[in-house]
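**Student:** Structure of the sequence below:
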Amino acid sequence: MDDRYGSDVLAPGWREAGRRPVPRVEAERDLVVEVVADGFCGAVVGRQSNLIELEDRRGNRRLFPLGGGFLIDGEAVELVAPAPRRTSGPARTASGSFAAPQARARVARASRILVEGKHDAELVEKVWGDDLRIEGVVVEFLQGADLLEEVLRDDPPSAQRRYGVLLDHLVPGSKETRLAEAVRRGPHGRFVRIVGHPHVDVWQCVTPRALGIARWPEVPRGVEWKVGVSRALGWPADTPADLARSWQRILAAVLTYRDLDPALLGRVEELIDFVTADGGSVA
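**Tutor:** Numbers count the residues shown, from 1 in each chain. Below is the predicted model of the structure:
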């Protein structure tokens, strides 16, 4: 005989009795969701730790914590971080190299790679970090290309201590190109390999596709480049902390070498080959 009054209301789980569980959905890129709290509707364009970034149809971007409080086609969902994808083939690093199973990082070489600034170093570490640790290559930043000659003078390179240098804006007529030519003609040129990409800043080495934009914004002359880019993308740019957060958004969008301009990829690989070559003769 049915109990018209149901079961004991104090039994465990009585509050959830009869309720339909909220489906858990992975917050994959381009998934369109609506935020219950304020009605903001946008596509997933990035993820940082336990936060997702949504972009609406006007290009406005906002960050929200993963979890409940979202709708898909009017139905409540709980957004969760995407599960790691398994591949049937050998594991690869972010640079596309085959991952060495259970390989230990080797003792650092005397040779090293120098980059212009902190952002350059962070980008190289994110994509090539696994490879560099296996090879024992340290990446250091110069805090400006102008300091390269001072570094070479104070700590000269040799056949056993080579320097690979990555510069921004290495194009004909630029300050960086003139500096590179002076080093090549100087006493240390044989043991230094200077390469670079054509962009004003390493930010532009991240593809627009990875950021969910059509192209990098054009910045008018007289406007500091990073400030102009951040403002054009709708990000705060009044303080150094604002620009640091802009860079973290950009860096978070980089998952593998596919998210970088080929103009940077080949140059970094060239430097790794140069500083890991056996000591002795240098081309």
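**Student:** Over to residue 266. Which of the three states is it?
**Tutor:** Assigned with DSSP: H, G, I helix; E, B strand; the rest coil, residue 266 falls in the helix class.
**Student:** Would you confirm that residue 230 contacts residue 237?
**Tutor:** Yes: between residue 230 and residue 237 there is a contact under CB atoms under 8 Å: 3.7 Å. For glycine as for every other residue, the C-beta is placed from the backbone atoms N, C-alpha and C.
**Student:** measure stretch 133-145 end to end?
**Tutor:** Taking CA to CA, to the nearest Å, stretch 133-145 runs 25 Å from one end to the other.
**Student:** Give the residue spans of this structure that score low on pLDDT.
**Tutor:** Residues of the chain meeting the criterion pLDDT under 70: 1-19, 85-92, 94-107, 278-283.
**Student:** Return the set of buried residues in the longest helix seen in it.
**Tutor:** When the chain is parsed with DSSP state H, its longest helix is helix 118-135. Buried residues in helix 118-135, counting neighbours by 16 or more other CB atoms under 10 Å, are found at 119-128, 130-135.
**Student:** re earlier: more neighbours: which of residue 230 and residue 237?
**Tutor:** Between residue 230 and residue 237, residue 230 has the larger neighbour count (other CB atoms under 10 Å), namely 24 against 20.
**Student:** Phi first, then psi, for that one.
**Tutor:** Note on residue 230: its backbone torsions stand at phi -60, psi -50 [degrees, to the nearest 10].
**Student:** Can you tell me how far it is from residue 195?
**Tutor:** Residue 230 is 28 Å from residue 195, where distance means CB to CB, to the nearest Å.
**Student:** same question, residue 260
**Tutor:** The spacing between residue 260 and residue 195, counted by CB to CB, is 15 Å.
**Student:** Could you do residue 222 as well?
**Tutor:** Taken as CB to CB, the span from residue 222 to residue 195 is 30 Å.
**Student:** More neighbours: these two, which one.
**Tutor:** Comparing residue 222 with residue 195 by other CB under 10 Å, the one with more neighbours is residue 195, at 18 against 6.
**Student:** Can you tell me the SS state at the more buried one?
**Tutor:** Once three-state DSSP is applied, residue 195 turns out strand.
**Student:** Begin at 42, not 1, for the rest of this chat.
**Tutor:** Okay, using 42 as the starting number, the last item reads as residue 236.
**Student:** report the longest strand in this protein, please.
**Tutor:** As assigned by DSSP state E, the longest strand anywhere in the chain is strand 82-89.
**Student:** where do the strands sit along this structure?
**Tutor:** Assigned by DSSP E, the chain shows strands spanning 65-67, 73-76, 82-89, 92-96, 102-106, 108-113, 116-121, 153-156, 179-182, 204-208, 233-237.
**Student:** can you tell me which residues contact residue 108?
**Tutor:** By CB atoms under 8 Å, 6 or more residues apart in numbering, the residues touching residue 108 are 119-120.
**Student:** tell me the helices in the chain, going along the chain?
**Tutor:** Assigned by DSSP H, the helices in the chain fall at 159-176, 189-195, 216-226, 249-252, 266-273, 281-293, 303-317.
**Student:** what's the burial count for the closest residue to residue 270 other than its chain neighbours?
**Tutor:** Closest residue to residue 270 apart from its sequence neighbours, by CB to CB, 6 or more residues apart in numbering: residue 258 at 5.5 Å. Number of residues near residue 258 (other CB under 10 Å) recorded here: 14.
**Student:** Can you say which of the helices of the chain is nearest to residue 208?
**Tutor:** Nearest of the helices of the chain to residue 208, taken as CB to CB: helix 216-226 at 4.5 Å.
**Student:** Can you spell out which helices and strands pack onto that closest one?
**Tutor:** helix 189-195, strand 204-208, strand 233-237 (3 or more CB pairs under 8 Å, 6 or more residues apart in numbering; DSSP states H and E).
**Student:** How far off centre is stretch 84-95?
**Tutor:** When distances are taken as CA atoms, centre = their mean, to the nearest Å, stretch 84-95 is centred 14 Å away from the chain's centroid.
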